[in-house]
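Enquirer: structure for the following, please:
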Amino acid sequence: MNYIGSKFTLSSFLEENIKQTLKENDSKNLSECIFCDLFTGTAAVSKIFKTQVKKIIANDKEYYSFVLAKNYIGNHKTIKRKNELIEILNNLEKVKSKISFNYSTCGKEKRQYFSESNAMKIDAIRSKIEEWKNTKFINEEEYFFLLASLLESADKVANTASVYGAFLKHIKKSAQKELILKSADFEINENKHEIIHDIFQEDANILIKKIKGDILYLDPPYNSREYGANYHLLNTIALYDDFIPKGKTGLREYEKSNWCKKDKVYRELENLIKNADFKFIFLSYNDEGLLSLNQIKEIFEKYGKYDLKSKTYKRFKADNNRLNKKDDTTEYLHILVK
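Expert: This is a model prediction of the structure:
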């Protein structure tokens, strides 16, 4: 999935430094650790550690992210009917409903997020998934697997510049392709533990007071762009609820985050670090964030031993139209050993 802040391309950098930090501090084995991914996003980091740790705690306040985590992290046993269910959904008769009326040219607002055909297919699949859930034809594991599969497949044919803050005036080539529902496969967990991963959809600063573990990974929003606005359509597909889309881009109501406010983000981070009952804390934050390197260092050094790692990588392609035309950005990994 195209995602601002996705750590997929940085996975080896993160994994190596987290493991090295544990080794340098004589930690217990990774397989005995509880790992918390407090801003899980697409669950890219949780996926790395899912089969390596004792337990994952995954959290994100956005519902689409909760859906992805419920599938990729919460699910750990084979879904035996997956091919059968996917085939049925791929062969449904298309219908006009919430997505096609509000987010394609089928509707009076002409919001061209999807081709008319793909929008109608999304409606047909999403409606059938909900019907199956309500009639208990599918269980919870299958429900979140199918929802995640739809989100991933719909994202591949979205007529956007990777985020959903706006749609493109003309249907781009990839958005003209027919939506094919493909399974959002997850890793089967075969380690010796009885696996019950915890998946939450809560405010990070509230949840942190209720949990504890060994490794805390933080990847919060780092600038003023709200994820609730950038990915509103993924929430709408996942929730499939009734609301009145607002404005030209069809936004839904969303809660603004203190992590995206320059006058509040410092206190937000300090309160989180102060309340975290974890020995090892890792914060991903890039060089264009609201907080400076020195501000983060100042907070971390209050609570233990601080270290910093960095890696330069190519800018996310949705950022190409920004005034700052740097080709590269630097990802910092702030490390705290409490």
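Enquirer: residue 290 is in contact with residue 262, correct?
Expert: Yes. Applying C-beta atoms under 8 Å as the test, residue 262 and residue 290 come out as touching, 4.9 Å apart. Every residue, glycine included, has its C-beta placed from N, CA and C.
Enquirer: please enumerate the shared neighbours of these two.
Expert: Overlap between the neighbourhoods of residue 262 and residue 290 consists of residue 224, taking contacts as C-beta atoms under 8 Å, 6 or more residues apart in numbering.
Enquirer: look at these two and report which has more neighbours.
Expert: Neighbours were counted for residue 262 and for residue 290 using other C-beta atoms under 10 Å; residue 290 has more, 20 against 10.
Enquirer: if I look at the more buried one, how far off is residue 336?
Expert: Counting by C-beta to C-beta, to the nearest Å, the separation of residue 290 from residue 336 is 19 Å.
Enquirer: what of residue 221?
Expert: From residue 221 over to residue 336 the distance is 20 Å, taken as C-beta to C-beta.
Enquirer: same check, this time on residue 150
Expert: Distance of residue 150 to residue 336, computed by C-beta to C-beta: 38 Å.
Enquirer: and what of residue 274?
Expert: Distance from residue 274 to residue 336, counting by C-beta to C-beta: 11 Å.
Enquirer: which one of those two has more residues nearby?
Expert: residue 336 (26 against 11).
Enquirer: run through who's touching the longest helix along the chain.
Expert: If you go by DSSP state H, the chain has its longest helix at helix 116-134. With C-beta under 8 Å, 6+ apart as the test, helix 116-134 has contacts from 88-89, 92-100, 103-106, 113-114, 137-138, 142-143, 146-147, 150, 154, 157, 175, 178-179, 181, 237, 240.
Enquirer: same question for stretch 166-184.
Expert: 68, 71-72, 82-83, 86, 89-90, 103, 111-115, 117-118, 121-122, 125, 145, 148-154, 156-161, 249.
Enquirer: just the ones of the residues you listed in helices?
Expert: Among the contacts of stretch 166-184, the subset assigned to helices under DSSP H consists of 68, 82-83, 86, 89-90, 103, 117-118, 121-122, 125, 145, 148-154, 156.
Enquirer: related to what we said a few turns ago, could I get the CA-only coordinates of the longest helix of the chain as PDB?
Expert: Extracted as PDB, the C-alpha positions of helix 116-134 are listed here (Å, rounded to 0.1, in the frame of the first residue of the first chain):
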ATOM      1  CA  GLU A 116     -17.200   4.000 -12.100                       C
ATOM      2  CA  SER A 117     -16.600   0.300 -12.700                       C
ATOM      3  CA  ASN A 118     -14.200  -0.100  -9.800                       C
ATOM      4  CA  ALA A 119     -16.300   2.000  -7.500                       C
ATOM      5  CA  MET A 120     -19.300  -0.200  -8.100                       C
ATOM      6  CA  LYS A 121     -17.200  -3.300  -7.600                       C
ATOM      7  CA  ILE A 122     -15.900  -1.900  -4.300                       C
ATOM      8  CA  ASP A 123     -19.600  -1.400  -3.300                       C
ATOM      9  CA  ALA A 124     -20.600  -4.900  -4.200                       C
ATOM     10  CA  ILE A 125     -17.700  -6.500  -2.400                       C
ATOM     11  CA  ARG A 126     -18.000  -4.300   0.700                       C
ATOM     12  CA  SER A 127     -21.700  -4.900   1.000                       C
ATOM     13  CA  LYS A 128     -21.300  -8.700   0.700                       C
ATOM     14  CA  ILE A 129     -18.600  -8.800   3.300                       C
ATOM     15  CA  GLU A 130     -20.900  -7.000   5.800                       C
ATOM     16  CA  GLU A 131     -23.800  -9.300   4.900                       C
ATOM     17  CA  TRP A 132     -21.600 -12.300   5.500                       C
ATOM     18  CA  LYS A 133     -20.600 -11.000   8.900                       C
ATOM     19  CA  ASN A 134     -24.200 -10.200   9.900                       C
END
